[in-house]
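A.B. asks: Sequence and predicted model, in that order:
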Amino acid sequence: MNIVLRSNSKVKVCSVQIAEIGEIILSIQTTDNNQQDYIFETEVTTEISESKQVLKNNISICEYLLQYLNTSSVKEKTKTTYLHVLNYLKEYGDCLIRDITSAYLQKFIDFLNTKDLKRNTISLYFQKLCCVLRHAYHEEFFDIRILKRVKRPKKETIKKSFLTARELKRLYNTDIPNEHTNIRNMFLFSAACGLRYSDVSNLKWSNIKKDKSHTYIEYHQQKTDTNELLPLSQTAVNILKSIKRMGNNVFKKETEPTVNTTLKQWCKKARIKKNISFHTARHTFCVLLLTSDVSIYTAQRLMCHSDISSTKEYADILNSTKLKAIKKLPVL
């Protein structure tokens, strides 16, 4: 765009700024030191507006989902879930965002139910689709009221697997081959402090802090993307003391499938007949807290749960805690 200024006196352009899309302001100073602003309107605003309208009218949900993945800060691990949603949408039938109705979304849920998918997987896939549609709403591509008319798939309550204090002690006293000592330490450390697999795997010696009376860890929680400060139990401290430093990381890197396979073999040797994975250690930590009369609110903070409802799930499965509470009532 060319702007031509004509004047009978000498002028000087002091500044050029864009006030809004398609609007440019020039500040002009004359020889008598008078300053004046000139506003020039262009056709840029109209062009951008028309371009966006064309995009709104012609972009499909599958195309938008791909754009969402390329422009948003979705973690690599989560992208896989979004790509599964994309593949199911393509199989179900792509649709322009402007044509999406509550019936279209409801039938997509019905379509997922025809697949060999667990109820919680269907719930997760629809949740991710809702994330994309909410993003489209903020960009004025989608009417969010459509989502409110959809009957969402309900999640199935899964019984959490955990070890009792007696089972954990039996596992501790059961030998494991030397090549799996690192996995043993990772699991027992998690059971003693509640860290997830991702956080245990990435724990560094620099995360370990000490003051005059206690040892704690200061770390960045992977799942919630938050910084946490967690005091360590004496068991957790003892495990750290038993590890020989071999670099920046506290534990050697292990693949999660290898870890879970080894844990199952270790539990079988310890005669523990439960379906064990690494996450069982985190469940065990929370159960041990609640059975030790730790309040549910303190357990929530130690588990670093953002919502107390997540902690309540553990309390609901503990009949022993319920019985202990009932026995504390006075007898009339």
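C.D. replies: Cool, got the structure.

A.B. asks: So what's the predicted local confidence for residue 162?
C.D. replies: Listed pLDDT for residue 162 reads 88.

A.B. asks: Kindly apply the preceding question to residue 297 instead.
C.D. replies: So residue 297 comes in at 82 (pLDDT).

A.B. asks: swap in residue 20?
C.D. replies: The model's pLDDT for residue 20 equals 43.

A.B. asks: same check, this time on residue 213
C.D. replies: For residue 213, pLDDT reads 83.

A.B. asks: Give me the neighbour count for it.
C.D. replies: By other CB atoms under 10 Å, the residues close to residue 213 number 5. In short, each C-beta sits where N, CA and C put it, glycine included.

A.B. asks: Enumerate every residue touching it.
C.D. replies: Shown in contact with residue 213 (CB atoms under 8 Å, 6 or more residues apart in numbering): no residues.

A.B. asks: Wasn't it part of a strand?
C.D. replies: No: membership of residue 213 in a strand is not supported by DSSP: H, G, I helix; E, B strand; the rest coil, which gives coil.

A.B. asks: Distance check, it against residue 81.
C.D. replies: Distance, residue 213 to residue 81, by CB to CB, to the nearest Å: 43 Å.

A.B. asks: What of residue 180?
C.D. replies: 31 Å.

A.B. asks: now swap in residue 266 and tell me
C.D. replies: Residue 266 sits 30 Å away from residue 81, going by CB to CB.

A.B. asks: out of these two, which sits in the more crowded spot?
C.D. replies: A direct count of neighbours by other CB under 10 Å for residue 266 and residue 81 places residue 266 higher, at 20 against 16.

A.B. asks: Was I right to think the more buried one contacts residue 172?
C.D. replies: No: using CB atoms under 8 Å, residue 266 is not in contact with residue 172; the gap is 10.5 Å.

A.B. asks: Give me the mean pLDDT for the helix or strand hosting residue 127.
C.D. replies: Using DSSP states H and E, residue 127 maps to helix 119-138. For helix 119-138, the mean per-residue pLDDT is 93.

A.B. asks: What of stretch 306-323?
C.D. replies: Stretch 306-323 shows a mean pLDDT of 67.

A.B. asks: go on, stretch 69-82?
C.D. replies: Averaging pLDDT along stretch 69-82 yields 84.

A.B. asks: measure it end to end?
C.D. replies: In stretch 69-82, first residue to last residue: 8 Å (CA to CA, to the nearest Å).

A.B. asks: Could I get the buried residue list for that stretch?
C.D. replies: Buried residues in stretch 69-82, counted by 16 or more other CB atoms under 10 Å: 81-82.

A.B. asks: go on, stretch 199-216?
C.D. replies: 199-203, 207-208, 215-216.

A.B. asks: how about those residues, which pair is most distant?
C.D. replies: Maximum pairwise distance in these, criterion CB to CB, is 20.0 Å, between 201 and 215.

A.B. asks: contacting residues around residue 151?
C.D. replies: Contacts of residue 151 (CB under 8 Å, 6+ apart): 106, 109.
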